[in-house]
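A.B. asks: Return atomic coordinates for the entry below.
(chains A and B)
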Amino acid sequence: MSSDTGFLYPFLEAEERDADRLLADLAESARAKAAESAALRRRTLAECAGLIETAAAELARRFAAGGRMYVFGNGGSATDAATLAALFARPPAAEGVRPLPAWSLAADEAVVTALGNDVGFDLIFSRQLIARARPGDIAVALSTSGNSADLTTALAEARRRGLYTIGFAGYDGGAFAAEGTVDACFVVRSQSVHRIQESQALLGHRLWAAVQRHLAARPNGGGPR
Amino acid sequence: MTVNTAVPERDEILLDETGAKDLAAAALTLARRFHAGATLWCVAPSWEPHAHHVAVEFVHPVIVGKRALPAVALTGPDLVGQARLAVRPGDVIVAIAAAGDPQVRSIMRRAPAWGATTLWLGNGPRPPAGAADHVLWVDEDDPLTPATGRFVLRYHLLWELTHVCFEHPGLLTPDAGGDCDGEVCVTCSDEGRLAEVIGPAGEFGGTLVRTATGEEQVDTTLVGPVAPGDLLLVHAGAAITRLDDEEATR
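C.D. replies: Numbering: from 1, shown residues only, chains lettered A, B, ... in the order given. Model (predicted):
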C-alpha cells in the first residue's frame, strides 16, 4: 500500500482498479470500526458508571441551587462541547425533562478572538470563567489528549473559584487525570481521536440523563432556581 | 421521557450492512468530487455543532499528513439562501437533519439545479426515496440520537473512508464507473434538467434560470408566470413542467 493510511486499512490493495471491490472493502472497514467503537463505548460506560452517578448527583445539587454550566474544548471537541451544552440547555421537549443553564465558551467569536489576540490563546476559556463564573457553577472540559493548555488553565481557574470541574479525556487521561484540578475525570481508554470522541459523546449523554433523573427525584423537582 | 441509563449487556450495532454500504458509496462520491475540485458545504439546522464538526474534520485532519480539504459549515438564518450563494457546480452538500426539516428539504430539492451532489445524515423516519444522492440514516427514532455520538461516528467514518479512496487514484475520475445513478447524472442525461428561476431574462424576454451547468435563458410560455426560486424542468431551451413541493419531494 502506497500511503500513510495503510496502517488504518491494511487489507486494502492499492493495485485494485475495480470500484465494486473498493466499495466492498470500504464497507467492511466501516463495519469493523463501528464495532470497535461500540465495544469501546460499552467498556467506557461500564468503567465510568459510578463516576457518572457521583458527578450527576453533584451537578443536580448545583443546578437546583442556581448553578450554571460552562463547557469548552478545541476543534472537534469544541463542537462536541457545544452539542453537550445544547443538550443541557435545549433538550427535546418531553415530560419530566427540564432545560438547564449551560453554555459553550467557544461560541462567541468576538470574545474568543479578543482574548486570543490580546492575552493569548491559552487564556481564552479561563478569562471567560473569571468574568462569568460563580462558586456554585460547573466547568466541563472536553479533550482527547487531556493536555491542551487552554483547557488545563481554565480547569485550574475553575477549581480555584469553587466550581465543580469535569474533564473528558482519552489515552491515559493526560494532565486532566494527573494535575488534580478535575473533580470528575472521564477517561476513554483508546489511542484513536475519533473513537475517543464517539465514546465521550455517549458519556455526555448519559451524564445529562442522570442529572435529569437526580433533579426529578428531588423533593421539589429540583427547583427553585 | 424515559432515558435508558443502564450499561448495555452487549455492544450496540452502530452500523449495519446496509448502512456500511451507503457510507462506502457516499465516501467514494465525496472523494471523486473533492478530486475534481469540490467544496463540501455542511448544514445542520437543529444541531449546528455537527456542521462545524464535519467541516473541521476535513479542513484540519486529526491524522498528521492527511491533506486538508475544503469544507465549510453554513449556520444561522436562511440556510437555503446561504447555500444558493455558496454552492458552485460540482460541489457537495451534507445535511445533518431529520427528514422533515423544511430548510434541508428545500436545499435537497434545489441542489440538482445548483449542480451539487447531496448527502443527508439523520435519524427517525427516512426521507423519501431519491431525496438526496446519498442517505446515511440512523434507524433509531429518538430525538436525543444526535447527542449520543452516533452521528459523530458516521461522519468520522465518512472522513476516514474518503481518505482511503484517495489511495486509489485510478478510481477517482468520473469515467471510473459506479457513480452514475440515472436521472440525476448530468453527464448522462439532458432530459428534463432541473432549473431554479433567477428572474426575467431582460429585454429579449424569457426567464433566466440556474441549472447544473450554469445560468441560461429559457422560454416559460408553457408553464405560465414564474417567480424567483421556482423549480422547473427544462428541455431544449423551454420549461416543460413546474415542480411543486409535493412533486419535488416524491
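A.B. asks: Checking the residue positioned nearest the centre of chain B next. Helix, strand or coil?
C.D. replies: Nearest to the mean C-alpha position of chain B, counting by Cα atoms, centre = their mean, stands B:T118 at 1.7 Å. Assigned by DSSP: H, G, I helix; E, B strand; the rest coil, the conformation of B:T118 is strand.
A.B. asks: Relative to B:A132, how far out is B:L172?
C.D. replies: According to Cβ to Cβ, to the nearest Å, B:L172 stands 22 Å off from B:A132. (Glycine included, C-beta is placed from N, CA and C.)
A.B. asks: Counting neighbours, go ahead and name the busier of the two.
C.D. replies: B:A132 (26 against 18; other Cβ atoms under 10 Å in any protein chain shown).
A.B. asks: looking at this, that one is in a strand?
C.D. replies: No: secondary structure assignment places B:A132 outside any strand; it is coil (three-state DSSP).
A.B. asks: Next one: it from B:P228, what distance?
C.D. replies: Distance, B:A132 to B:P228, using Cβ to Cβ: 24 Å.
A.B. asks: on that earlier part again, the residue nearest to the centre of chain B and chain A, how far apart?
C.D. replies: Plainly put, B:T118 is 19 Å away from chain A if you go by Cβ to the nearest Cβ, to the nearest Å.
A.B. asks: what ranges do the helices span in the chain?
C.D. replies: Reading this off chain A. For chain A, the helices defined by DSSP state H cover A:19-64, A:76-89, A:109-118, A:126-132, A:149-160, A:174-178, A:193-217.
A.B. asks: Not quite, go with chain B.
C.D. replies: Under DSSP H, chain B gives helices at B:17-35, B:48-59, B:79-86, B:102-114, B:150-165, B:245-249.
A.B. asks: ranking these by mean pLDDT, which is last?
C.D. replies: Mean pLDDT per stretch puts helix B:245-249 lowest among the helices of chain B, at a mean of 52.
A.B. asks: Tell me how many other residues crowd B:G205.
C.D. replies: 11.
A.B. asks: A:R195 versus A:F72, what's the distance?
C.D. replies: Taking Cβ to Cβ as the measure, A:F72 falls 22 Å from A:R195.
A.B. asks: same deal with A:A64?
C.D. replies: The gap separating A:A64 from A:R195 is 35 Å, by Cβ to Cβ.
A.B. asks: neighbour count winner among these two?
C.D. replies: Comparing A:A64 with A:R195 by other Cβ under 10 Å, the one with more neighbours is A:R195, at 23 against 18.
A.B. asks: circling back to that earlier point, could you list every residue that touches the residue nearest to the centre of chain B?
C.D. replies: Shown in contact with B:T118 (Cβ atoms under 8 Å, 6 or more residues apart in numbering or on different chains): B:V92, B:I93, B:V94, B:A95, B:I107, B:M108, B:A111, B:A132, B:D133, B:H134.
A.B. asks: how does it look with 7 Å?
C.D. replies: Shown in contact with B:T118 (Cβ atoms under 7 Å, 6 or more residues apart in numbering or on different chains): B:I93, B:M108, B:A111, B:A132, B:D133.
A.B. asks: Out of those residues, which are close to chain A?
C.D. replies: Among the contacts of B:T118, no residue lies close to chain A (Cβ under 7 Å from any Cβ of the partner chain).
A.B. asks: For the residue nearest to the centre of chain B, name its beta-bridge partners.
C.D. replies: Per DSSP bridges, the residues bridged to B:T118 are B:I93.
A.B. asks: Tell me which residues are up against stretch A:32-50.
C.D. replies: By Cβ under 7 Å, 6+ apart, stretch A:32-50 touches A:186, A:188, A:190, A:195, A:198-199, A:202-203, A:206, B:7-8, B:11-12, B:14-15, B:153, B:157.
A.B. asks: low-confidence ranges in the chain?
C.D. replies: Just so you know, I chose chain A. Across chain A, the ranges flagged by pLDDT under 70 are A:1-17, A:220-225.
A.B. asks: sorry, should have said chain B
C.D. replies: Counting by pLDDT under 70, chain B shows low-confidence ranges at B:1-5, B:174-190, B:245-250.
A.B. asks: Using the record's assignment, carve it into domains.
C.D. replies: The domain map for chain B lists B:17-173, B:187-249, with the assignment taken from automatic domain parsing.
A.B. asks: Need those in JSON lines (columns: distance to A:A102).
C.D. replies: Shown next, in JSON lines, are these (distance: least, Cβ to Cβ, whole Å):
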{"stretch": "domain B:17-173", "distance to A:A102": "12"}
{"stretch": "domain B:187-249", "distance to A:A102": "36"}
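A.B. asks: among these, which is the most enclosed?
C.D. replies: Across these, averaging neighbours per residue (mean count of other Cβ atoms under 10 Å in any protein chain shown) puts domain B:17-173 on top, at a mean of 20.
A.B. asks: Quick one: distance of that domain to the chain centre.
C.D. replies: Distance of domain B:17-173 from its chain centroid, counting by Cα atoms, centre = their mean, to the nearest Å, is 6 Å.
A.B. asks: Ends of that domain, what's the gap?
C.D. replies: Start-to-end span of domain B:17-173 (Cα to Cα, to the nearest Å) is 26 Å.
A.B. asks: again with stretch A:176-191
C.D. replies: Start-to-end span of stretch A:176-191 (Cα to Cα) is 16 Å.
A.B. asks: residues of that stretch that come out buried?
C.D. replies: For stretch A:176-191, a neighbour-count test (16 or more other Cβ atoms under 10 Å in any protein chain shown) marks A:F176, A:A177, A:E179, A:T181, A:V182, A:D183, A:A184, A:C185, A:F186, A:V187, A:V188, A:S190 as buried.
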